[in-house]
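Undergrad: Structure, please.
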Amino acid sequence: MPLIKYSRNSDGTYGPTAVRKDFYVSKADHRKTARRKKDKTRWCINEGKEYSVFQPASDRYDLWFCKVNNCIFGLVDGGSVVLGENGERLAKFPNDRVKNEPWHGYPVFSEASQNRPSSELLDLVKDLIPLHVRIKLEKGLL
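TA: Coordinates of the predicted model:
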């Protein structure tokens, strides 16, 4: 599935998603045009395509929400698409927002435990990702 470029709403958000009616906002400090900061990863895809990573993960919230890390994880085409400027293939959408505020997210590597889907989540999505991708996620190599 190729990444689709979506257009922003008049308030700067994207959405709503079809199932959960969630909205998404692209944060300037994670965009590919942002100044490099040590603690910030940056998307290598354009802002309009970030939503195409978030939308299917939100609509399958029952599968992609990680209770352990309180976030939604997203992959495109089973992890075959590079999302971040350093080769990240996994996206994290933390649930650190106030209720009804839009979600935001950024690309991550799974090497840190807070950026790694739990084993329970990986069990749920086993039919959506290849086995070698699951193994890489579990070992913190993706």
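
Undergrad: average pLDDT across the helix ranked longest in the chain?
TA: Counting by DSSP state H, the longest helix found in the chain is helix 47-59. Mean pLDDT, computed over helix 47-59, is 95.

Undergrad: bridging residues for residue 14?
TA: Residue 14 forms beta bridges with residue 24, as assigned by DSSP bridges.

Undergrad: contacting residues around the residue nearest the centre of the chain?
TA: Most central residue of the chain, judged by C-alpha distance to the mean C-alpha position with Cα atoms, centre = their mean, is residue 91 at 2.8 Å. Contacts for residue 91 (Cβ atoms under 8 Å, 6 or more residues apart in numbering) come out as 53, 54, 57, 73, 74, 75, 83, 105, 106, 107, 108. Heads up, the C-betas are built off the backbone N, CA and C, glycines and all.

Undergrad: Recalculate using a threshold of 10 Å.
TA: Remark: with contacts taken as Cβ atoms under 10 Å, 6 or more residues apart in numbering, residue 91 is in contact with 41, 43, 45, 50, 53-54, 57, 71-76, 83-84, 105-108.

Undergrad: Wasn't it part of a strand?
TA: Yes: judged by DSSP: H, G, I helix; E, B strand; the rest coil, residue 91 forms part of a strand.

Undergrad: Mind jotting down where the helices sit in this protein?
TA: For the chain, the helices defined by DSSP H occupy 47-59, 61-64, 119-124, 131-138.
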